[in-house]
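J.: Fold the following, please.
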Amino acid sequence: MARVGLASCDPGGILATPVKTLARDAKRNSDIRVVVSEAAGRGAVEIFVGLPRTLKGAEKGSARMARDYAQLLLAALGRAGLDVPVRLIDERLSTVSAHQALHAAGIGSRDHRKLVDQAAAVGILQQALDMQKARNTSVGELVRAPKPGTVGNAIPSEEEEGSAISDSMPMPTSGPVPPQGPAHQEGPR
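T.: Numbers count the residues shown, from 1 in each chain. As a prediction, the model looks like this:
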């Protein structure tokens with residue numbers, strides 16, 4: 001709702017690193033334009049958007065916002081001429097884990113706010129990268145442009161997990177291969 005953490009990885013898809021934290025701009029979507037720009041500049045091949053579910057796996061208002069964000073991002077990528085798949089990744093406990101990691105690194109809780117979204121994005125992306133390598137397949141729900149008169153915009157993979165900008169090559173899928181493209185970022189906060 002307020003911030004978007006952005007992370008990326010190396011071309012080999014091994015290590016996720018923080019990029020920046022963006023202020024969420026729901027009126028003008030300037031944050032989405034920055035994500036598109038980062039994706040283009042980094043040559044990203046896939047974008048992961050964190051999907052905040054409850055511990056029981058339910059989706060509430062924040063998950064709907066993440067789905068809407070992913071849809072806006074997919075449309076912005078298309079307008080920019082970037083054919084990049086966007087996937088929704090389960091991000092349960094990513095912020096809690098990020099706070100714990102920052103505390104363990106000796107960063108005071110006063111400074112957590114500045115870094116927690118980036119740290120969460122790194123954790124989500126690293127999880128997605130690790131899962132893709134372990135399974136040798138794409139993970140998460142593939143976001144699709146809505147067709148007129150249809151409801152829904154994502155196709156679930158075998159399992160959903162992870163989040164951030166991935167400029168590594170996506171793993172092959174069992175079905176039609178989605179178009180290749182840039183980026184991976186954590187969902188709105």
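J.: For this structure, give the helix that spans the most residues.
T.: Longest helix of the chain, by residue count under DSSP state H: helix 109-135.
J.: So for that one, mean pLDDT?
T.: Mean pLDDT, computed over helix 109-135, is 80.
J.: So which elements touch it?
T.: strand 3-9, strand 16-23, strand 46-51, strand 86-90, helix 94-104, strand 164-166 (3 or more CB pairs under 8 Å, 6 or more residues apart in numbering; DSSP states H and E). Any C-beta I mention is one placed from the backbone N, CA and C, and that applies to glycine too.
J.: can you rerun that using 7 Å?
T.: Applying 3 or more CB pairs under 7 Å, 6 or more residues apart in numbering; DSSP states H and E, one finds that helix 109-135 contacts strand 3-9, strand 16-23, strand 46-51, helix 94-104, strand 164-166.
J.: Mean pLDDT lowest where, among these?
T.: If those are sorted by mean pLDDT, strand 164-166 sits at the bottom with a mean of 45.
J.: ok, what's across the strand from Val143?
T.: Taking DSSP bridges, one finds Ala154 as the beta-bridge partners of Val143.
J.: That one reaches Gly78, doesn't it?
T.: No. With contact defined as CB atoms under 7 Å, Val143 and Gly78 do not form a contacting pair (11.3 Å).
J.: So for the two, which sits in the more crowded spot?
T.: Val143 (23 against 15; other CB atoms under 10 Å).
J.: Can you read off the pLDDT for the more buried one?
T.: Looking at Val143, the pLDDT reads 96.
J.: And the one 3 residues further on, by the same measure?
T.: Each residue has a pLDDT score; the one for Pro146 is 77.
J.: same check, this time on the one 5 residues further on
T.: pLDDT, Val151: 55.
J.: same thing with Met1?
T.: Met1 carries a pLDDT value of 78.
J.: Could you double-check that it lies in contact with Arg24?
T.: Yes. The pair Met1 / Arg24 is scored as a contact, 6.3 Å apart, by CB under 7 Å.
J.: who's more crowded, the two?
T.: Arg24 (19 against 11).
J.: How about the contacts made by that one?
T.: Contact partners of Arg24, counting by CB atoms under 7 Å, 6 or more residues apart in numbering, are 1-4, 31, 188.
J.: Distance of it relative to Gln127?
T.: Distance of Arg24 to Gln127, given as CB to CB, to the nearest Å: 22 Å.
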